[in-house]
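S.K.: predicted model and sequence below, questions to follow.
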Amino acid sequence: MRLAPEVAEALARGGPVVALESTLIAHGLPRPRNLEVARELEAAVRGEGAVPATVALVAGDVRIGLDAAALEIVAAEDVAKCSVRDLGPVLARGGHGATTVASTAHLAARAGIGVFATGGLGGVHREASASFDESADLATLARTPIVVVCAGVKSLLDVGATLERLESLSVTVLGYGTDAFPGFYLADSGHPAPGRADSPAEVAAAVRAARAVGAPGAVVVANPLPAGEQLDPPLHDLVLREGLEAARAVGIAGKDVTPFLLDRFHRQTGGASLEANVRLVLRNAALAARIAVALAG
Ligand code: PSU
Ligand code: MN
């Protein structure tokens, strides 16, 4: 694992560090906006007094904190989407890889980082009872002690089933300033949040208490977009229904489903979903930094 000097220095003094994932950059956002957003995410973390550590595989190395050249590789090239099971083979052949929530959380925790920001978690896909398609994000969070700030789970998933699996897997889930579990592009998924916290200090207190009793997994902080900044709900529902039909019609399956539907959303909403996606990840990065500061204090 190669830690950027700034990240290594912050961890050595117990300072606040926020991990950021790279699948969101490589496969969740269109070029060239993705590179701008990657830089804006790092700036949002710095703006709240923490050090950003974007995680990726670059030429066969695990990198925790990317320099400008490495960030450009992740944003510009056709890098593989790597979950935890893909790390070994991609590293062994000296390849590049974009890390998902699962692999970013795993690697960040190993590096000693306690807080991670993303857009939306992976989860249980619709029709998973037939396809068995459930993101490795869930099982990984069950055994990875890290705080994950997200805007809920991506609305293209079965949100209710994902919340049930998070419960079975003993993953703590807190709505941030809300009793409603957020719906990624939408402020409210229609499901209640299992728990609630209203400040970074409250999140930090819950995390410390969970660690003190040996709870092994992640604490998910679900941070909603304000209602005024969400995607128009009827437009969302229409584009989602059409997108799910299109994915089925052209035979998109497995790890290609999420990038296919996100890209389709961005095109079918005239960029409105892209703007909502960018806003929510930036808000999550800033909140994650405030939580990291609270935990370090
Ligand atoms: N959040 C976003 N955009 C994304 C993702 C999250 O705003 O592209 C990525 C994350 O890396 C997550 C992955 O781990 O989607 C889930 O993919 P799958 O459903 O194939 O497990
Ligand atoms: Mn999957």
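M.R.: Done, it's in. Ligands and ions are numbered 1, 2, ... in the order given.
S.K.: helix, strand or coil for the one residue in the stretch 101-250 of the chain that gets nearest to ligand 1?
M.R.: Per Cβ to the nearest ligand atom, residue 119 is where the stretch 101-250 of the chain lies closest to ligand 1, at 2.0 Å. Just so you know, the C-beta spots here come from the backbone N, C-alpha and C atoms, and that holds for glycine as well. Three-state call for residue 119 (DSSP: H, G, I helix; E, B strand; the rest coil): coil.
S.K.: grab the nearest non-local neighbour of it.
M.R.: Leaving aside its chain neighbours, residue 119 sits nearest to residue 281 (4.6 Å; criterion: Cβ to Cβ, 6 or more residues apart in numbering).
S.K.: which element is the one you found on?
M.R.: Residue 281 is part of helix 272-296, with elements assigned from DSSP states H and E.
S.K.: same thing with residue 182?
M.R.: strand 180-183.
S.K.: can you give me the buried ones in that strand?
M.R.: Buried positions in strand 180-183, judged by neighbour count with 16 or more other Cβ atoms under 10 Å: 180-183.
S.K.: show me the contact partners of that strand.
M.R.: Contacts of strand 180-183 with the rest of the structure, by Cβ atoms under 8 Å, 6 or more residues apart in numbering, involve 151-152, 155, 159, 163, 173, 175, 187-194, 222-225.
S.K.: how about stretch 23-33?
M.R.: When contacts are defined by Cβ under 8 Å, 6+ apart, stretch 23-33 is touched by residues 34-35, 37-38, 54, 71, 74-76, 79, 81-82, 98-101, 104, 118-119, 258-259, 262-263, 266, 274, 277-278, 281.
S.K.: then stretch 79-86?
M.R.: By Cβ under 8 Å, 6+ apart, the list of residues contacting stretch 79-86 reads 22-23, 26-27, 56-57, 73, 90, 95-100, 102-103, 106, 136, 140, 255, 259.
S.K.: out of those, who's near ligand 1?
M.R.: 23, 27, 100, 102, 255 (Cβ under 6 Å from any ligand atom).
S.K.: buried subset of those?
M.R.: When those are checked against 16+ other Cβ under 10 Å, the ones flagged as buried are 23, 27, 100, 102, 255.
S.K.: and the closest residue in space to the last one that isn't next to it in sequence, which of the three is it?
M.R.: To tie it back to what came earlier, the one meant is residue 255. Excluding its sequence neighbours, the residue lying closest to residue 255 (Cβ to Cβ, 6+ apart) is residue 81, at 5.8 Å. Secondary structure, three-state DSSP: residue 81 is strand.
S.K.: return the set of residues that bridge with residue 81.
M.R.: Beta-bridge pairing for residue 81 (DSSP bridges): residue 98.
S.K.: and it, how many neighbours?
M.R.: Counted with other Cβ atoms under 10 Å, residues neighbouring residue 81 total 19.
S.K.: which residues touch the residue nearest to residue 119?
M.R.: Residue 281 makes contact with 24, 37, 41, 117-119, 151 under the criterion Cβ under 8 Å, 6+ apart.
S.K.: helix or strand: which one has residue 108?
M.R.: Here residue 108 is assigned to helix 101-110, by DSSP H and E.
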